[in-house]
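Colleague: Fold the following.
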Amino acid sequence: MVSTPSKQSKAETTKEKSQYLRGSIVEGLKQDTPSFNTDNQVVLKFHGIYQQDNRDERKQLKQQGLGPNYSFMVRTKNPAGDCSAALYLALDRLADEVGVGTMRVTTRQGFQLHGVSKHDLPTVIQAVKTHLATTLGACGDISRNVMGPAAPFTHESYQLAQAYAQSISDELLPKTKAYVEVWSLENDESGQKVYTSAEPEDEPLYGKTYMPRKFKVAITVPTDNSVDIYTQDLGLVLIFDEKGQHIGFNLTVGGGLGRSHGAPETFPRKADHLGFCNVDQVVDFTKAVVMVQRDYGDRHNRKHARMKYLIHDRGIDWFRQQVEAYAGKKLGAWRELPAWQFEDYLGWHEQGDGQWFLGISVENGRVLDQGTLKLRTALRTIVQTYGYNLRLTPNHNILLLGIKPEDKATIDALLLEHGVLAVEAISPARRYAMACPALPTCGLALTESERFLPGLIDLVEKGLAELGLAGEKISIRMTGCPNGCARPYMGDIGFVGSGLNAYDIYLAGDLHGTRLNQLYRERVQADDLMDVLIPLLRNFKEARQPQESFGDFCDRQGIAALRNISPSPDLSPNPSP
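Modeller: Residues are numbered from 1 along each chain as shown. The predicted structure follows:
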């Protein structure tokens with residue numbers, strides 16, 4: 001292992017002193033306060049927990065002389081989005097008992113509960129563990145949830161991809177006993193008892209300081225880019241020979257979308273093709289990639305700590321040499337792949353075993369009952385009645401698995417009764433849209449995202465219909481800050497929060513996730529977004545080539561030419577300096 005640099009960030013010191021992710025969380029849980037200290041907040045992220053406060057209430061609480069209204073977000077780790085019926089029902093129950101009455105599907109195929117109080121955290125963690133799931137590693141400087149194609153097809157390629165997502169997740173899971181110790185709390189006459197182990201501790205893969213920053217892995221099959229493979233630190237694509245035998249994996253490395261406003265040294269990056277490995281080599285090469293980033297990633301400047309910067313700075317050839325040295329074997333040449341296609345698997349699909357699965361659209365991932373939409377009630381009723389297991393998709397939707405043909409009509413009727421639209425009734429603009437949670441819970445958000453995007457999509461739908469473009473497949477992704485949780489830099493259109501009620505607009509990505517988009521305008525006010533979009537869409541209708549998508553059109557025209565399309569008299573034709 002490369003020696004630890006003498007100068008490192010405070011987060012590195014906190015991790016090193018955390019006793020393999022224990023920190024003083026147990027002591028913090030005993031304190032009669034609504035929050036944890038700063039060091040414990042860092043360590044808690046490794047346990048899948050973020051300390052937050054309701055930013056909508058900050059001003060009023062401050063005027064009353066009160067501190068922030070602290071609560072916690074708890075995130076589950078579901079490789080390839082796998083979620084049992086029992087786990088789903090447990091989370092649904094907890095959403096009412098200790099949360100805010102909703103759940104959220106993440107863009108990494110997990111669940112989030114919001115609004116959990118500090119004293120309820122052990123209850124949530126124990127419930128998740130009871131159903132053979134975990135929150136360990138769902139956040140923090142570590143390998144996050146391993147993504148995979150969610151569709152439950154019985155075809156061998158999909159079955160293998162989902163199995164490898166689980167096995168790779170197991171390989172990259174921390175070995176610390178802290179998770180069991182911290183959250184295995186019992187009450188007896190003397191108070192809370194903590195289960196500890198006298199066995200020596202070790203993290204053979206991660207060491208005491210784990211990774212320099214978060215590390216994201218995804219696995220998929222050729223053509224299926226539901227996982228946005230080029231946005232991952234490490235991507236694995238199953239490769240089959242001409243006889244259909246699984247022979248190995250193509251590896252991609254160095255993707256990542258986070259950046260910071262006003263810091264040009266930070267940027268989104270599309271992954272590189274690293275090479276090919278045989279089936280029996282995949283664990284060794286996966287760990288080798290992790291170890292290279294572990295030992296060479298920047299532990300001083302956290303804004304420069306993702307693996308994408310290591311590869312950008314030193315080059316893919318250097319990185320490949322290091323990976324081969326750590327693995328003790330050579331990579332093969334990249335195997336050519338067919339074109340990538342985005343898949344969301346909404347609607348009805350045959351699994352291949354006589355049963356069906358149903359993909360249900362969850363707008364911005366929020367599972368709720370609101371107005372005439374009773375999505376939570378509908379899903380609870382279906383899962384309780386039929387016992388269906390679920391899969392969470394990278395587009396924050398939900399698949400119900402193993403449905404008998406004779407039950408399809410009943411389920412359709414139940415969903416319609418609860419205001420849940422069939423996929424045929426959802427516009428492409430809404431179907432392919434994604435947003436991060438942003439305000440009021442995310443501490444990094446500069447402006448709205450999840451709460452704002454549905455209303456913007458209403459306007460986009462209206463504008464497209466008036467232009468005769470209602471059926472166009474246009475992916476719109478919005479985040480409340482530049483960190484990119486909803487992957488805005490890969491969509492046809494990306495809206496990135498840059499200030500209160502203001503967004504940077506990115507264009508020329510594509511629905512299939514093969515191309516980064518580019519900055520078009522900066523700091524456009526929310527009320528002016530449609531004034532910018534409509535002239536672009538009108539120009540697209542008039543000047544597109546046959547079958548050309550909006551993203552491809554913008555890419556062909558070029559950002560400079562698009563900036564000459566004046567959006568309105570009161571908007572500058574060029575981004576502000």
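Colleague: so how far is residue 81 from the residue nearest to residue 130 when sequence neighbours are not counted?
Modeller: In space, and not counting its chain neighbours, residue 130 is closest to residue 90: 7.3 Å by Cβ to Cβ, 6 or more residues apart in numbering. (Each C-beta comes from the backbone N, C-alpha and C, glycine too.) The gap separating residue 90 from residue 81 is 17 Å, by Cβ to Cβ, to the nearest Å.
Colleague: Determine the three-state secondary structure at residue 139.
Modeller: coil (DSSP: H, G, I helix; E, B strand; the rest coil).
Colleague: In contact with it, which residues?
Modeller: 45-50, 75, 214 (Cβ atoms under 8 Å, 6 or more residues apart in numbering).
Colleague: I'd like these laid out as TSV, including secondary structure and distance to residue 366.
Modeller: Converted to TSV, those look like this (DSSP: H, G, I helix; E, B strand; the rest coil; distance: Cβ to Cβ, whole Å):
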residue	secondary structure	distance to residue 366
45	helix	22
46	helix	26
47	coil	24
48	coil	19
49	strand	20
50	strand	17
75	strand	15
214	coil	23
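Colleague: could I get the residues you listed as JSON lines with neighbour count?
Modeller: As requested, the contacts of residue 139 are exported to JSON lines (neighbours: other Cβ atoms under 10 Å):
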{"residue": "45", "neighbour count": "21"}
{"residue": "46", "neighbour count": "25"}
{"residue": "47", "neighbour count": "25"}
{"residue": "48", "neighbour count": "27"}
{"residue": "49", "neighbour count": "26"}
{"residue": "50", "neighbour count": "20"}
{"residue": "75", "neighbour count": "24"}
{"residue": "214", "neighbour count": "19"}
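Colleague: Relative to residue 119, which of the residues you listed is nearest.
Modeller: Nearest to residue 119 among the contacts of residue 139: residue 49, at 13.3 Å, using Cβ to Cβ.
Colleague: Give me the distance between the strand or helix carrying residue 11 and the centre of its chain.
Modeller: Counting by DSSP states H and E, the element that carries residue 11 is helix 10-16. Chain-centre distance of helix 10-16: 25 Å, with Cα atoms, centre = their mean, to the nearest Å.
Colleague: In terms of secondary structure, what does it contact?
Modeller: For helix 10-16, the elements it packs on are helix 38-46, judged by 3 or more Cβ pairs under 8 Å, 6 or more residues apart in numbering; DSSP states H and E.
Colleague: Show me which positions of the helix it packs on end up buried.
Modeller: 39-46 (16 or more other Cβ atoms under 10 Å).
Colleague: May I see the domains of this structure written out as residue ranges?
Modeller: 347-424, 430-563 (automatic domain parsing).
Colleague: can you tell me which of the ones you listed comes nearest to residue 32?
Modeller: Of the domains of the chain, nearest to residue 32 by Cβ to Cβ is domain 430-563, at 23.4 Å.
Colleague: wait, doesn't residue 327 sit right on residue 288?
Modeller: Yes. Counting by Cβ atoms under 8 Å, residue 327 touches residue 288, with 3.9 Å between them.
Colleague: related to what we said a few turns ago, pick out whichever of the buried residues of helix 38-46 sits closest to residue 484.
Modeller: Of the buried residues of helix 38-46, the one sitting nearest to residue 484 (Cβ to Cβ) turns out to be residue 45, at 17.6 Å.
Colleague: Let me see the confidence value for the residue nearest to residue 426 when sequence neighbours are not counted.
Modeller: In space, and not counting its chain neighbours, residue 426 is closest to residue 361: 5.6 Å by Cβ to Cβ, 6+ apart. Note on residue 361: pLDDT of 98.
Colleague: how near is the nearest residue to residue 247 once chain neighbours are set aside to residue 321?
Modeller: Here the nearest residue to residue 247 in space, its sequence neighbours aside, is residue 241; by Cβ to Cβ, 6+ apart that works out to 5.1 Å. Distance of residue 241 to residue 321, computed by Cβ to Cβ: 28 Å.
Colleague: quick one, which of residue 90 and residue 81 is more surrounded?
Modeller: More crowded of residue 90 and residue 81, by other Cβ atoms under 10 Å: residue 81, with 30 against 17.
Colleague: so what's the more buried one up against?
Modeller: 109-110, 147-148, 150, 390-394, 399.
Colleague: Next, the contact list for the residue nearest to residue 213 when sequence neighbours are not counted, please.
Modeller: Nearest residue to residue 213 in three dimensions, chain neighbours excluded: residue 305, at 4.0 Å (Cβ to Cβ, 6+ apart). By Cβ under 8 Å, 6+ apart, the residues touching residue 305 are 212-213, 297-299.
Colleague: what pLDDT does residue 537 get?
Modeller: 97.
Colleague: Need the CA coordinates for the helix or strand hosting it. PDB is fine.
Modeller: Per DSSP H and E: residue 537 is located in helix 529-543. Output of helix 529-543 as PDB, limited to C-alpha atoms (Å, rounded to 0.1, in the frame of the first residue of the first chain):
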ATOM      1  CA  LEU A 529     -36.500  28.300 -18.400                       C
ATOM      2  CA  MET A 530     -39.400  27.700 -20.900                       C
ATOM      3  CA  ASP A 531     -38.500  31.000 -22.700                       C
ATOM      4  CA  VAL A 532     -35.100  29.400 -23.300                       C
ATOM      5  CA  LEU A 533     -36.400  25.900 -24.200                       C
ATOM      6  CA  ILE A 534     -39.200  26.800 -26.600                       C
ATOM      7  CA  PRO A 535     -37.000  28.400 -29.300                       C
ATOM      8  CA  LEU A 536     -34.600  25.500 -29.200                       C
ATOM      9  CA  LEU A 537     -37.500  23.000 -29.600                       C
ATOM     10  CA  ARG A 538     -38.900  25.000 -32.400                       C
ATOM     11  CA  ASN A 539     -35.600  25.100 -34.200                       C
ATOM     12  CA  PHE A 540     -35.200  21.400 -33.600                       C
ATOM     13  CA  LYS A 541     -38.600  20.700 -35.300                       C
ATOM     14  CA  GLU A 542     -37.600  22.900 -38.300                       C
ATOM     15  CA  ALA A 543     -34.000  21.800 -38.800                       C
END
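Colleague: List the buried residues of the helix or strand just after that helix.
Modeller: Where DSSP H and E defines the elements, the next helix or strand beyond helix 529-543 is helix 550-557. Within helix 550-557, the residues that count as buried by 16+ other Cβ under 10 Å are 550-555, 557.
Colleague: list the helices and strands helix 550-557 packs on?
Modeller: helix 529-543.
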